[in-house]
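Enquirer: Task: produce atomic coordinates for the following.
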Amino acid sequence: MRLGILPIGRIDSTVPLHIQQSLDKILPDLECSIIPEGLALPKTAFDMKRNQYRSNLILGEMQALGAQQRDLDCILGVVDADIFVPELNFVFGEACFPGKEALISLWRLKPEFYGDAPDQTAFFSRVVKEAVHEIGHTLGLRHCFRSSCVMHFSNSIFDTDIKQAVPCDECYTKAAIRIDSLRYLP
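Expert: Residues are numbered from 1 along each chain as shown. Here you go, the predicted structure:
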């Protein structure tokens, strides 16, 4: 499976690189690359009342780009902005289920957001977990009831911190079957 990591707006260049290196270890059947041109953060996605960005509108922009990126099976967008879906106060990410596009936000993954000291280890651990989680949704994985599985729903940053960066055996098997099926698609 070929995955492109898409920087959206202004993000530190080390983040996509760290995601790429981590995904190569966690999901070795993924062939990861960074999409160098990136994407501007769509102004139309900004909700002035909430002071947040609608994740589905950012995904829509990614879908338009995805139509041009025919050599990729999946695109993971990475944005450093607070995102939401109308039913929730915020989301760490959103994905097309199943589909080609996934999005994660760095905004609430930073320890500083919660008044803690900066901690690169904790930050990158959270980023990778959310990336794997949203990619799992593109592969058709639903939320898992196991709190240690990366596919468990994160209602708060504490849920993300408890999870492992890998799927449980059951979710991993489902993901592997889906990844394997993509090898035979034109």
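Enquirer: pLDDT weak spots in this protein?
Expert: 66-67, 183-186 (pLDDT under 70).
Enquirer: can you give me the helices in it?
Expert: Secondary structure of the chain by DSSP state H: the helices cover 14-26, 55-68, 120-138, 157-162, 169-182.
Enquirer: Ranking those helices by mean neighbour count, which comes first?
Expert: Comparing the helices of the chain by mean neighbour count (mean count of other Cβ atoms under 10 Å), helix 120-138 ranks first with a mean of 22. Quick note: C-beta positions are derived from backbone N, CA and C, even for glycine.
Enquirer: Tell me how far it lies from the chain's centre.
Expert: Helix 120-138 has its C-alpha centroid displaced from the chain centroid by 6 Å (Cα atoms, centre = their mean, to the nearest Å).
Enquirer: which helices and strands does it pack with?
Expert: Contacts defined by 3 or more Cβ pairs under 8 Å, 6 or more residues apart in numbering; DSSP states H and E place helix 120-138 against helix 14-26, strand 74-79, strand 93-95, strand 101-105, helix 157-162.
Enquirer: Need those in a markdown table (columns: distance to Asp169).
Expert: Shown next, in a markdown table, are the helices and strands packed on helix 120-138 (distance: least, Cβ to Cβ, whole Å):
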| stretch | distance to Asp169 |
| --- | --- |
| helix 14-26 | 14 |
| strand 74-79 | 22 |
| strand 93-95 | 22 |
| strand 101-105 | 22 |
| helix 157-162 | 18 |
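Enquirer: So for Leu182, which of those sits nearest?
Expert: strand 74-79 (8.8 Å; Cβ to Cβ).
Enquirer: Name the residues that touch the closest one?
Expert: Under the criterion Cβ atoms under 8 Å, 6 or more residues apart in numbering, residues 1-9, 11, 15-16, 19, 35, 39, 41, 53, 58-59, 62, 65-66, 69, 100-107, 127, 131, 134-135, 138 lie in contact with strand 74-79.
Enquirer: Give the pairing partners of that strand; include direction for each.
Expert: Take DSSP bridges as the rule and strand 74-79 pairs in its sheet with strand 2-8 (parallel), strand 101-105 (parallel).
Enquirer: Tell me the gap between the longest one and the middle of its chain.
Expert: Centroid separation between strand 2-8 and its chain, computed with Cα atoms, centre = their mean, is 10 Å.
Enquirer: buried residues in it?
Expert: Judged by neighbour count using 16 or more other Cβ atoms under 10 Å, the buried positions of strand 2-8 are Leu3, Gly4, Ile5, Leu6, Pro7, Ile8.
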